[in-house]
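J.: Provided below are the primary sequence and the corresponding predicted coordinates.
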Amino acid sequence: MLLNECITHCLDRTYPVFGDEMAVSEALSRMQEGRIVCAPVLHEGKVQAMVTILDLLAAKSSKKTAALTLRELELQPAETVSPSDHLFEVMARAGTFSCPVIAVAEEDGSYCGVLNKARVLEEVAGVFHLNDDGLTLELDVPTFGLKLSEVVAALEKNDAMVLSFGMYHPEPESERMLLTFRVQSHDQFRLIKNMEKYGYSIRYTSSLSKAGEDELREKALEFLRFMDM
């Protein structure tokens, strides 16, 4: 599956959706029955807004709720994503969507379904192998003069398979940056020790190994340091 097909793959077409002619009381009842906190509001099949249960409760408490419809509420226009959007583009915008679900619509606004934010996180975690057994290795390296290929080569030289990596600057305009790798290695102790020998500053390591092996790892590293003296 291509990453620009993830949105269609993860699309939920069964999620409750309301027409803007629906009465506030009915929409509130359906949301309470379904135990959902928000839902898309459509006008002639196109996404108009996202209504929350707080919006409906506030409207219900007013004096003019007798025949109030969703169309009459002052709802903010809905932000949507396209079925053809890339997974990373949706992830970058995830924080701008206040609801747990994101409305998905065609370019003309036609409703397609919703995308659950939690599902987006799961997909991204899968891309970067964050849920697989492996080692997270973070290196503190100079911003200038670094060849990423040399770092990868050093890891692979020690029989480590690079599953994914990322880079970021801990501070703006910093002369240092952090490289975070997700790797698989049959001998992580040797890998860490040799990376230190190559002159790399290891800022963080964490393994998804079984509980109780952390102490053994520390003892093994301490033994290697002793042998190196």
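T.: Looks like it arrived, so ask away. Numbering: from 1, shown residues only.

J.: against residue 53, how distant is residue 155?
T.: Residue 155 sits 49 Å away from residue 53, going by CB to CB, to the nearest Å. Using the backbone N, CA and C atoms, a C-beta is placed for each residue, glycine as well.

J.: can you pull the contacts of the residue nearest the centre of the chain?
T.: Centroid-nearest residue in the chain: residue 121, 3.2 Å away (criterion: CA atoms, centre = their mean). By CB atoms under 8 Å, 6 or more residues apart in numbering, the contact set of residue 121 is residue 91.

J.: same drill for residue 155 and residue 53, tell me which one is more crowded.
T.: Per other CB atoms under 10 Å, whichever of residue 155 and residue 53 has more neighbours is residue 155, with 23 against 16.

J.: for residue 34, grab phi and psi.
T.: phi -80, psi -10 (degrees, to the nearest 10).

J.: likewise for residue 82?
T.: Residue torsions, per degrees, to the nearest 10, at residue 82 are phi -100, psi 150.

J.: can you check the one 10 residues further on too?
T.: Listed backbone geometry of residue 92 is phi -60, psi -30, with angles given as degrees, to the nearest 10.

J.: residue 48 - that's part of a strand, no?
T.: Yes. Counting by DSSP: H, G, I helix; E, B strand; the rest coil, residue 48 is found in a strand.

J.: wait, what's in contact with the residue nearest to residue 90 when sequence neighbours are not counted?
T.: For residue 90, ignoring the flanking residues on the chain, the nearest one in space by CB to CB, 6 or more residues apart in numbering is residue 81 at 5.2 Å. Shown in contact with residue 81 (CB under 8 Å, 6+ apart): 7, 89, 90, 93, 102, 103, 104, 105, 115.
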